[in-house]
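J.: I need the structure of the sequence given here:
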Amino acid sequence: MSTQTPESFEWTDLDRRAVDTARLLAADAVQKVGNGHPGTAMSLAPAAYTIFQKVMKHDPADPEWTGRDRFVLSPGHTSLTLYTQLFLAGYELELDDLKAFRTQGSRTPGHPEYGHTAGVETTTGPLGQGAANAVGMAMAARYERGLFDPEAPEGTSPFDHTIWAIVSDGDLEEGVSSEASSLAGHQKLGNLVFLYDDNHISIEGDTATALSEDVLKRYEAYGWHTQRIEPTADGDVDVPALHAALEAARAETGRPSIIAMRTIIAWPAPTARNTEASHGSALGDEEIAATKRVLGFDPEQTFAVSDEVLHHARRALDRGAEAHAAWDKQIAEWRTARPERAELFDRVSKGELPEGWQNTLPVFEEGKSVATRAASGKILQALGPVLPELWGGSADLAGSNNTTIDKTSSFLPAGNPLPEANPYGRTVHFGIREFSMAAEMNGIALHGNTRVYGGTFLVFSDYMRNAVRMAALMQLPVTYVWTHDSIGLGEDGPTHQPVEHLASLRAIPGLNVVRPADANETAVAWAEILKRHATDPAPHGLALTRQGVPTYAPNEDAAKGGYVLADSSTEVPEVIIMATGSEVQLAVAARDALEAEGTGTRVVSVPCVEWFDQQPAAYRESVLPAAVKARVAVEAGIGLTWYRYVGDAGRIVSLEHFGASADANVLFAEYGFTPENVAAAARASLAAARA
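T.: Residues are numbered from 1 along each chain as shown. As a prediction, this is how the structure comes out:
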């Protein structure tokens, strides 16, 4: 889409009429359903229209075009700000979709949902995360350029584009946006522009109730380029000033930009404007009729869109086709000049893996004691050379999480003093910002054309949780490397020892939690996660040990989520012991004791209950025969996960309380995580099954 320079900027009566149409569509849509957020959509209509019609490079006929700019609406409650522009510009939305706003089965849910509505780049959900998503997209855009076209002069690559985000007072009050904005400034993400809707209104009234800082001074301190625009004398958006500010922000490529735009919520509604009521409530028929009179519309008509306005706005399709054709020419020239990179681009964009990639995975020596976090680190370093699209890091715990894929290449901007700094580096230093790391990972995954992972301690997944939930909701292929996965971390004590976390994370629909038993299971787990990236996208969380655990023979069945690690000496086992992670060794030792007593005992390793549940019923029955009622589950966390697997006669060896600061071996023994206690639980289950 060709953009207008400030000198050539044109704002016609039809543009103004299109903006007013968008305002009234928002008011009518909320009024029809009886609930929603009309005020911000009304006051933001000029800004959103300017971005979609005058500034942003996009093609409504191809919402997934690689060369497009990205747009993020962080205050998702004002979804009509986006829906009206998608409708006007010629995306898949039509007037009936706006009439069906917030109703079952519609393409216009209350908050925009990625994958549900064409043109929606992310499910921002709760406030603040959209800002962090946009930061992640900007990071991904830079890394993508480094993969495919690093030598191109600035602004000349087909992979150069801008991330535009509208953010609100509420977004900027949320801590996650501060974390992300700090990182964006540090990373000098010059491809990122925030338009801050400074409307001074929140649900509780004037933002003076909770906010008094100078936001632009804060962003200046972060290292951002800052601008402010004031409304016109009558209170509306000064569109020429806004357009000039947006273009100035795009031209500032050495740092991210934020534009504070003072707006009057619900403008120009005669009595609802500048009130908290207009934030989250329908305006009422009388107020909407009065607003239509102010704007010169028929107060008796609803959802009024003139043919002339729609034809004018849908010229965005022509501009999009023109921009897309120019990009196609540019990418064709790039393909000719860079055939090897073009081959890489084709593979990566399809989500495919290179031939023979699995041959690089290490095989760990049976019998050796290896921490699964250490194994994961070796796996990443082995994969790095063959999967250049794989990148990531840690929330300042790389040495503990073993997430450094390349020690010589850190994702840091030009001018950073560290010797390994590289704008296109492999290893990301997210800083001590777990929540924004997870939300940025979502943005990276949404942007496409890379594979991202991020690490921290399992206990800190609590900080990340809502972004993890959003990843699951969007089915994003992000990978969390959560180490120090139990009381096995020892002396750091109960504040750092996860107890409820495995069960809590498994409760998130669509999140696959993988807790491998040993180094070889860890390799199989990484391989399965990489295979699922394109075919069955979902977030995965690897729960890895700090302490060494015994290494068993490799078994590809670990990719099925549960498998027979050591079988019974009897044709049908008398008792089954299932376990995960570091507790699998306890199950194996307990089996040896029970077998010595003449009790046929099977050990089932269950690295991922979600993968196991996806297997055919016949396979699950072969691993856990329904006829075997004597069962034990062993996991150093709360036992909530395991009740449905052990049944009425089963026993669970779990941890139903917080840990303590002591040596890991002491804690395991004190809390009953011993072969003897597991064997005793098996005997109790056998007795119950026979009763």
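J.: and stretch 382-398, how far apart are its ends?
T.: Stretch 382-398 has an end-to-end distance of 17 Å (criterion: CA to CA, to the nearest Å).
J.: buried ones in it?
T.: 382-384, 386-398 (16 or more other CB atoms under 10 Å). (C-beta placed from N, C-alpha, C; glycine too.)
J.: ok, so of those residues, who is nearest residue 646?
T.: Proximity of the buried residues of stretch 382-398 to residue 646 (CB to CB) peaks at residue 397, which lies at 34.4 Å.
J.: Do you know the pLDDT at that closest one?
T.: Predicted confidence (pLDDT) at residue 397: the value is 96.
J.: Okay, and which of the buried residues of stretch 382-398 map to helices?
T.: If you go by DSSP state H, those have 382, 383, 398 in helices.
J.: Quick check, residue 629 in contact with residue 689.
T.: Yes. Judged on CB atoms under 8 Å, residue 629 makes contact with residue 689 at a distance of 3.9 Å.
J.: coming back round to it: may I ask which two of the buried residues of stretch 382-398 are separated the most?
T.: Longest span within these, CB to CB: 386 and 396, 27.6 Å.
J.: For the lengthiest helix in the chain, what is the distance to the chain centroid?
T.: Among the elements of the chain assigned as helix by DSSP H, the one spanning the most residues is helix 315-337. Relative to its chain's centre, helix 315-337 lies at 29 Å (CA atoms, centre = their mean, to the nearest Å).
J.: For residue 113, give me its contacts.
T.: 120, 123, 473 (CB atoms under 8 Å, 6 or more residues apart in numbering).
J.: So what's the residue count around the second one?
T.: Pointing back at residue 123 there. 23 (other CB atoms under 10 Å).
J.: Check the gap between it and residue 518 for me.
T.: Distance from residue 123 to residue 518, counting by CB to CB, to the nearest Å: 36 Å.
J.: Show me the residue sitting in the middle of the protein in space.
T.: By CA atoms, centre = their mean, the chain has its centre lying nearest to residue 442, at 2.2 Å.
J.: can you pull the buried residues of the helix or strand encompassing it?
T.: According to DSSP states H and E, residue 442 maps onto helix 434-447. Going by neighbour count (16+ other CB under 10 Å), the buried part of helix 434-447 is 434-447.
J.: Repeat that for stretch 80-92.
T.: 80, 81, 82, 83, 84, 85, 86, 87, 88, 89, 90, 91.
J.: Now do it, average pLDDT.
T.: So the average pLDDT for stretch 80-92 ends up being 98.
J.: Going by distance to residue 286, which of the buried residues of stretch 80-92 wins?
T.: Residue 286 lies nearest to residue 80 out of the buried residues of stretch 80-92, by CB to CB, at 20.4 Å.
J.: Which residues are in contact with the closest one?
T.: 25, 26, 29, 30, 36, 37, 38, 41, 98, 101, 108.
J.: Could you check the pLDDT of the nearest residue to the fourth one once chain neighbours are set aside?
T.: Once flanking residues are discounted, residue 30 sits nearest to residue 36: 3.7 Å by CB to CB, 6 or more residues apart in numbering. The predicted local distance difference test score for residue 36 is 90.
J.: mind starting the numbering at 176 from now?
T.: Shifting the count to begin at 176 puts that one at residue 211.
J.: Next, the contact list for residue 211, please.
T.: Residue 211 neighbours (CB under 8 Å, 6+ apart): 204, 205, 255, 276, 277, 285, 455, 457.
J.: is it fair to say it lies in a strand?
T.: No. Looking at residue 211 with DSSP: H, G, I helix; E, B strand; the rest coil, it is coil, so not inside a strand.
J.: Test my guess that residue 829 contacts residue 812.
T.: Yes. Counting by CB under 8 Å, residue 812 is a contact partner of residue 829 at 6.5 Å.
J.: what about these two, which has more around it?
T.: For residue 829 versus residue 812, the count of surrounding residues by other CB under 10 Å is larger for residue 812: 27 against 22.
J.: right, and the more buried one touches residue 676 too?
T.: Yes. Counting by CB under 8 Å, residue 676 is a contact partner of residue 812 at 6.8 Å.
J.: quick one: low-confidence ranges for the stretch 526-675 of the chain?
T.: In the prediction, the stretch 526-675 of the chain carries no residues with pLDDT under 70.
J.: Now the terminal residues of stretch 796-812, how far apart.
T.: Taking CA to CA as the measure, stretch 796-812 stretches 26 Å from start to finish.
J.: and if you look at stretch 450-469?
T.: Stretch 450-469: ends 18 Å apart by CA to CA.
J.: For the stretch 726-866 of the chain, which segments count as strands?
T.: Assigned by DSSP state E, counting those that start in this stretch, the stretch 726-866 of the chain shows strands spanning 738-741, 750-754, 776-780, 806-809, 826-828.
J.: And the stretch 526-675 of the chain, by the same measure?
T.: Here the stretch 526-675 of the chain has its strands, by DSSP E, counting those that start in this stretch, at 544-546, 565-569, 585-586, 596-597, 602-604, 626-632, 654-658.
J.: same deal with the stretch 226-375 of the chain?
T.: Under the criterion DSSP E, counting those that start in this stretch, the stretch 226-375 of the chain carries strands at the ranges 245-248, 338-343, 367-373.
J.: for the record, mean pLDDT for the last one?
T.: Taken as a whole, strand 367-373 carries a mean pLDDT of 97.
J.: Identify the residues contacting it?
T.: 215, 218-219, 222, 226, 250, 306, 309-310, 312-313, 337-344, 347, 356, 359, 390, 421, 424-425, 431-438.
J.: Verify the contact between residue 351 and residue 609 for me.
T.: No. Using CB under 8 Å, residue 351 makes no contact with residue 609, being 9.7 Å away.
J.: about what we covered before: okay, the ones in helices among the buried residues of stretch 557-573 in CSV with distance to residue 714 next?
T.: Formatted as CSV, those follow (distance: CB to CB, whole Å):
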residue, distance to residue 714
557, 23
558, 19
573, 20
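J.: Any chance of JSON lines for the strands of the stretch 526-675 of the chain, columns distance to residue 681?
T.: As requested, the strands of the stretch 526-675 of the chain are exported to JSON lines (distance: least, CB to CB, whole Å):
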{"stretch": "strand 544-546", "distance to residue 681": "23"}
{"stretch": "strand 565-569", "distance to residue 681": "23"}
{"stretch": "strand 585-586", "distance to residue 681": "31"}
{"stretch": "strand 596-597", "distance to residue 681": "38"}
{"stretch": "strand 602-604", "distance to residue 681": "27"}
{"stretch": "strand 626-632", "distance to residue 681": "18"}
{"stretch": "strand 654-658", "distance to residue 681": "13"}
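J.: right, and those strands - which one's nearest residue 538?
T.: Closest of these to residue 538 is strand 544-546, at 11.8 Å (criterion: CB to CB).
J.: Run me through the strand neighbours of the closest one, direction for each.
T.: Strand 544-546 pairs in its sheet with strand 723-725 (antiparallel), by DSSP bridges.
J.: picking that back up, which ones among the contacts of strand 367-373 are found in helices?
T.: Checking these against DSSP H, those in helices are 215, 218-219, 222, 306, 309-310, 312-313, 344, 347, 356, 359, 390, 421, 424-425.
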